[in-house]
Structure formats: C-alpha cells, structure tokens
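Asks: when you get a sec, could you give me coordinates for this:
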Amino acid sequence: AAGLLVPVALAWLAAALLWIARCRWRRRHRAVRRLGRQAGIPVESASDRRRSGTRAGASAVVVLAVALVAGVAATAAAPPGASRTGLRSTVEQPFDPREQVSPLSSFRTYWKAPTVDDTLLTVQGLPAGGRVRLAALDTYDGVVYGTGGARGSVDASRTGQASGTFARVPYRLDQQGVPGDHVTLDVVVDAYRGVWLPGAGRLERIAFAGDDGGRLADSFYYDDATATGAVIGGLAAGDAYEIEAVVASTPPLEALADERPGDAVAPRPTGVPDEVAARVEAS
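Replies: Got it, this is the predicted structure:
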C-alpha cells in the first residue's frame, strides 16, 4: 500500500489538472465567441473549436504523462527514507525546569542504598570549607520544592530577569559586580546522575572535556538569577568540566557578633499555596 501512495497521488493530480484545463478552455472560448458577436467578427466554427480543443487536450495529456512517468521513476530510484526532517526536529527546544524532577528529590536518593557510600563527584580547586551547589530551590507548589517555577523571582533586582529563565550562555559571563573569590574548579562525574550540573558560586565560564564534551556544551543551559546550571540529557560517569566562578566569601562567626538586623520591610508573599496558608492558620 505504501508503494502505491506516490502513483495514486500523481494520478489524482493529473485528473485535477485536466479538469482545470478543460474548464479554462471552455470559459475562454465562450468569452471569445461573445466578444466576436459584439464586434461583428466572424467566430470559428464548431469543427475548428473541436480541433483546437483536441490539440490542447492532447498536449496536456502528453505533459502529464511525462510528469507521471518521471515521478514514478524517481520514486523507484530513490525511495523515501524512514526518517523525516521537519521544523519541529530542527528548532531548538528551550530547557524547561518544571518538566524535570525536583533537585531535592534526586538529592535524597543519594542518601539511600545502593548509592549512599558511592563517590558522586571528584572536585578539585574548591576553597576550604566550600560547598558544591546542585541547584537553587526557589519555588514551592504545596507538595515539592522545585527550581524555576512561574511564581516569584530570586535576585531579580540584580539580574533584571525572573527566576527560572534558563538560556544558552556565551563564552564568558560578566560577574565583575559580584563580591567574592574567583575560583577554578575541575569536576569529574562518578556516580552522580541528573540534568542539574553541580557547581559553585556565580558562573563566569564553563568548559566541558572528554569525548562527549561537544554534546554537553551544546546541551548546557544556565539561569544566572539562581546560579543554577542544567544539561539536557543529563550527566553520566566520566563526564568532566572546568568551571570558573565567583564564590561569595563566608565571614567567620566572630564577624557576625556585632551585626544587627536591618530595617527593611519584607514584602507580603504572593502566590502562597492554599496548603501552606491552611497549615499556618491551623498552627
């Protein structure tokens, strides 16, 4: 049945073209005869019209027959492949964090067997007491904490964008206005799995290594508002990358002894899930 698709389609096309040609020919001759009678010009006879129509019809049949034979021959010589290329397959799909498993849910699995004793990552260059950051949990829907929801904004005053705006990044991000220490981290993935890319601080530059480095670089997205990175398709054992970032300095406890709360007024929260409001009112 699949092999008859092209011939049948061409046959329908040929019939449609013949019908259109016939209709146009009849309209043309009616118009010519009407104009001839109005101008007093002799009009061709019925036999002349038949001969003219026969010649036009024969020419159309020959052209359509040649097109039909050429189409069938081309189909036989180069049958269509199984794969198709369309606009949907060529347009780059943006990264949507709301379609991913919560970073908190995936993090909890590493505290359970069989990965509780496994080495997840090997990191070099981290300052003493520094921490590797998996992702920022900036949204809560009443059930789970997630990253990059439609509600709220984290640090939007600094970046001018709402949280959850993951985008491809240039070669280098400008983080000159961020206070902290500049660090360079070398990360090798061991037992860790997931789309969330472990890092630290505010990203300035990232370079993927290894045979899969090109694919990882093309699949990397970053949200500067929450300092969270993600790789479409996820990370696997052996993946490696180098990060240049600005890590905020952690003041010692002694430096916080004389600090006092400021006078800023916290804004009224919006978009609070009904479950949270009910729990607060009941407590």
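
Asks: what about residue 7, neighbour count?
Replies: Using other C-beta atoms under 10 Å, residue 7 has 13 neighbouring residues. No exception for glycine: its C-beta is placed from N, CA and C like everyone else's.

Asks: from residue 13, how far off is it?
Replies: Distance, residue 7 to residue 13, by C-beta to C-beta, to the nearest Å: 11 Å.

Asks: kindly report the same for residue 235.
Replies: Here residue 235 is placed at a distance of 52 Å from residue 13 (C-beta to C-beta).

Asks: comparing these two, which residue is more hemmed in?
Replies: Taking neighbours as other C-beta under 10 Å, residue 235 and residue 13 compare with residue 235 leading, 23 against 14.

Asks: just give the nearest non-adjacent residue to the more buried one, would you?
Replies: Spatially, and ignoring its direct neighbours in sequence, residue 235 is nearest to residue 189 (4.9 Å; C-beta to C-beta, 6 or more residues apart in numbering).

Asks: and the one you found, how far is that from residue 215?
Replies: Distance, residue 189 to residue 215, by C-beta to C-beta: 14 Å.

Asks: more neighbours: which of the two?
Replies: Taking other C-beta under 10 Å, residue 189 and residue 215 do not tie; residue 189 has more neighbours (21 against 15).

Asks: contacting residues for that one?
Replies: Listed by C-beta atoms under 8 Å, 6 or more residues apart in numbering, the contact partners of residue 189 are 120-121, 235-240.

Asks: and of these, the nearest to residue 211?
Replies: residue 238 (8.7 Å; C-beta to C-beta).

Asks: that closest one touches residue 210, doesn't it?
Replies: Yes - Residue 238 lies in contact with residue 210 (C-beta atoms under 8 Å); the separation is 6.5 Å.

Asks: the residue nearest to residue 235 and residue 123, how far apart?
Replies: Residue 189 sits 10 Å away from residue 123, going by C-beta to C-beta.

Asks: so, low pLDDT: which residues of the chain?
Replies: 1-6, 32, 35-93, 149-164 (pLDDT under 70).

Asks: where do the helices sit along it?
Replies: 5-39, 46-77, 87-90, 103-109, 156-159, 213-218, 274-282 (DSSP state H).

Asks: and residue 280, how many neighbours?
Replies: Using other C-beta under 10 Å: residue 280 sits among 9 other residues.

Asks: let me fix that, I meant to ask about residue 205.
Replies: 15.

Asks: excluding its backbone neighbours, what's nearest it?
Replies: Closest residue to residue 205 apart from its sequence neighbours, by C-beta to C-beta, 6+ apart: residue 244 at 4.3 Å.

Asks: just to check, that neighbour is in contact with residue 182?
Replies: Yes - using C-beta under 8 Å, residue 244 makes contact with residue 182 at a distance of 7.1 Å.
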